[in-house]
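Novice: what follows is a predicted structure for the sequence shown.
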Amino acid sequence: MNWITKIIRAGEKIKTAINKRASKEDIEKSDWTSCCRGPILKKDLENNLFVCPDCNKHHRIKPTQRFDILFGKNNYEIFKTPIPADDPLNWTDKKSYKDRLKSARKKTGMQCGMMVASGNINNIKVTAVASDFDFLGASMAAAEGEAFLYGIQYAIENQTPFLCISAGGGMRMMESLISLSQMTRTTLAINELKRNNLPYLVLITDPTAGGITASYAMLGDIHIAEPGALIAFAGARVIQGTVKEELPEGFQRSEYVEKTGFVDIIVERKDLTDKIGNLLSILLKQNSAVSSEEHETTEDSQSLTKAAS
């Protein structure tokens, strides 16, 4: 091999190394991620609550990171929730459902896609649930339904407000009707929470879609959304193909959805703790006043009954 051949081969190796795209695994293990202006240090992004300082994109984050922001770092209790038997329908496509669950658990460190915790926001004890999009797209199945119901039950037993931090693509097809039934179960649980005069707040994060939007994500007393979050039922292409019209710019993003009335308020991540704390203070006072009025009305009715007899 002469020196010219060596130079050519070395050049080819350098060219291959430059053109090689980093895998998802390489990016996850590195100290860098990317946003509007290209690479950004993960540490810098974390210090800004995982919000890009240039374009204000609110990056997707883990449930524990959500709780760190809202309750204070490690200043909350995480609950172990019931996990039903895996793969009740013996589902298999290109990969078995059991293998998909195993991979999701290894990737996230969670047993299901929803986490339940309790902590304090502005000295108000709050029960909260949050979903992890890295767990099979935060889709809803029996285990996530059990987690949600566990959170509601804890909130009722301890008389705390309930905060749902929604994310996910909808119901999980590998559990078919079992998955769809979670829409009914979560709705009934929320109704029970409201019968106990406890506030139910929803923080809608990117993305919230499908059956999640069609059930517990749209049943709150107040709906808060992060900037730029995708909020939808059906996909934009499906809707455009159905109505045969061009959709407005920013269609299905939180800013557009706020204008149509599905979202009450858009709040920056850095302001969430104060805003949620203030809203809960107002709702708790209102609910307390309603309970007092109901109690007074009941006493008045009893007095009238006694007087009449």
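Specialist: Nice, I can see it. If you're wondering where the values come from, they're calculated on a predicted model, not measured in any experiment.
Novice: going along the chain, name the helices of this protein.
Specialist: Using DSSP state H, the helices of the chain run over residues 3-19, 24-29, 42-47, 63-71, 97-108, 142-158, 176-195, 210-213, 236-243, 254-260, 272-308.
Novice: out of these, which is closest to Ile165?
Specialist: Distances from Ile165 to each of those were compared using C-beta to C-beta; the shortest belongs to helix 63-71, at 5.5 Å. Backbone N, C-alpha and C define where each C-beta goes, glycine included.
Novice: give me the mean pLDDT for the closest one.
Specialist: Taken as a whole, helix 63-71 has an average pLDDT of 98.
Novice: where does the stretch 151-300 of the chain have low pLDDT?
Specialist: 290-300 (pLDDT under 70).
Novice: turn the helices of the chain into TSV, including mean neighbour count and distance to Gly228.
Specialist: Supplementary listing: the helices of the chain in TSV, determined by neighbours: other C-beta atoms under 10 Å; distance: least, C-beta to C-beta, whole Å:
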stretch	mean neighbour count	distance to Gly228
helix 3-19	9	32
helix 24-29	10	21
helix 42-47	13	15
helix 63-71	20	17
helix 97-108	15	23
helix 142-158	21	25
helix 176-195	17	26
helix 210-213	24	16
helix 236-243	11	15
helix 254-260	16	6
helix 272-308	13	15
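Novice: out of these, which gets nearest to Gly170?
Specialist: Comparison of the helices of the chain against Gly170 by C-beta to C-beta identifies helix 210-213 as nearest, at 2.1 Å.
Novice: which residues touch the closest one?
Specialist: By C-beta atoms under 8 Å, 6 or more residues apart in numbering, the surrounding residues in contact with helix 210-213 are 138, 140, 166-171, 179-180, 182-183, 231-233.
Novice: quick check, nearest of those residues to Trp32?
Specialist: Of all those, Trp32 sits closest to Ala167, with 24.0 Å by C-beta to C-beta.
Novice: ok, Met110 touching Phe133?
Specialist: No. Using C-beta atoms under 8 Å, Met110 is not in contact with Phe133, being 11.6 Å away.
Novice: let me see the domain layout of this protein.
Specialist: Domain assignment of the chain by automatic domain parsing yields the ranges 24-57, 60-308.
Novice: of these, which is nearest Arg9?
Specialist: When those are compared for distance to Arg9 using C-beta to C-beta, the nearest one is domain 24-57, at 24.6 Å.
Novice: contacting residues for the closest residue in space to Leu70 that isn't next to it in sequence?
Specialist: Excluding the flanking residues, the one nearest Leu70 by C-beta to C-beta, 6 or more residues apart in numbering is Thr273, at 5.6 Å. With contacts defined as C-beta under 8 Å, 6+ apart, Thr273 is in contact with Ile69, Leu70, Ile121, Asn122.
Novice: from these, pick the one nearest Pro227.
Specialist: When the contacts of Thr273 are ranked by distance to Pro227 (C-beta to C-beta), Ile69 comes first, at 14.9 Å.
Novice: separation between that closest one and Lys270?
Specialist: Distance, Ile69 to Lys270, using C-beta to C-beta, to the nearest Å: 9 Å.
Novice: any common contacting residues for these two?
Specialist: Both Ile69 and Lys270 are contacted by Leu49, under the criterion C-beta under 8 Å, 6+ apart.
Novice: re the thing from before, possible to save the domains of the chain as TSV with distance to Arg9?
Specialist: Below are the domains of the chain laid out as TSV (distance: least, C-beta to C-beta, whole Å):
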stretch	distance to Arg9
domain 24-57	25
domain 60-308	38
